[in-house]
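A.B. asks: based on what follows, work out the 3D shape:
(2 chains)
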Amino acid sequence: GDSVTQMEGPVTLSEEAFLTINCTYTATGYPSLFWYVQYPGEGLQLLLKATKADDKGSNKGFEATYRKETTSFHLEKGSVQVSDSAVYFCALSYTGTASKLTFGTGTRLQVTL
Amino acid sequence: GAVVSQHPSWVICKSGTSVKIECRSLDFQATTMFWYRQFPKQSLMLMATSNEGSKATYEQGVEKDKFLINHASLTLSTLTVTSAHPEDSSFYICSAQRDLFTGELFFGEGSRLTVL
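C.D. replies: Alright, predicted model coming up:
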């Protein structure tokens, strides 16, 4: 079956540091890939997405590239802020049908001054 | 963007009572909605897929008689936790799919249930 593997957290960074959160997937088909973010006390929000190989999703300074050859979708940001502190979830689903998301376990990011 | 709203956002109830959580898609119609449960510091666990006008599809290990799901219209799905016990305390999240092409889901803000 399909699965998503994320690096374990928590990840603690100083403000303005470079961020990478690794995500790899196993899929039987050709899924869309997503990063969701969950701020404290809130529901999940879509951060970015990519629907096919070599697509780059980007939003709010975050970006991730759909790498079919390495089955990866690593999240990066050049300079994190304290407000980026949250839990980040990598996920996949399939297009063309109402399909459930398969989530990774989530990675907690803590950014300090 | 698309908006999905849950109500209530938090609820406290006594053991043995039933609690209903609503999930509404405010600006689009959702044939399918999903209910997740999130334990502290853990990922989301899919509980069931809610299909408008038909019975929900439950994931393995989820008690369908305990977690009743009704999807009466294209904009509303409800989750009822029956005869709640303290171990049912959790964060329940719904999501809805607007665009079948991208597979993207829109999530409600979640409902925190505490059973005393």
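
A.B. asks: adjacent strands (with direction) for the lowest-mean-pLDDT helix or strand in chain B?
C.D. replies: Every helix and strand of chain B was ranked by mean pLDDT, DSSP states H and E. The lowest is strand B:105-107, at a mean of 84. With DSSP bridges as the test, strand B:105-107 is paired with strand B:90-97 (antiparallel).

A.B. asks: can you pull out the strands in chain B?
C.D. replies: Counting by DSSP state E, chain B has strands at residues B:4-7, B:10-13, B:19-25, B:32-38, B:44-51, B:57-58, B:67-73, B:76-81, B:90-97, B:105-107, B:111-115.

A.B. asks: which strands or helices does the fourth one pack on?
C.D. replies: For strand B:32-38, the helices and strands in contact under the criterion 3 or more Cβ pairs under 8 Å, 6 or more residues apart in numbering or on different chains; DSSP states H and E are strand B:19-25, strand B:44-51, strand B:67-73, strand B:76-81, strand B:90-97. Bear in mind the C-beta positions are built from the backbone N, C-alpha and C, glycine included.

A.B. asks: then the last one?
C.D. replies: In terms of contacts (3+ Cβ pairs under 8 Å, 6+ apart), strand B:111-115 is packed against strand B:10-13, strand B:19-25, strand B:90-97.

A.B. asks: so which of those is the most packed in?
C.D. replies: For the helices and strands packed on strand B:111-115, average neighbour numbers computed from mean count of other Cβ atoms under 10 Å in any protein chain shown are highest in strand B:90-97, which has a mean of 25.

A.B. asks: now that one against strand B:111-115, angle please.
C.D. replies: In terms of direction (axes from the mean of the first three to the mean of the last three Cα atoms, to 10 degrees), strand B:90-97 departs from strand B:111-115 by 150 degrees.

A.B. asks: centre of the chain versus strand B:90-97, how much separation?
C.D. replies: In terms of Cα atoms, centre = their mean, to the nearest Å, the centre of strand B:90-97 is found 5 Å from the chain centre.

A.B. asks: now that strand against strand B:67-73, angle please.
C.D. replies: Put simply, strand B:90-97 runs at 30 degrees to strand B:67-73, going by the same axes, to 10 degrees.
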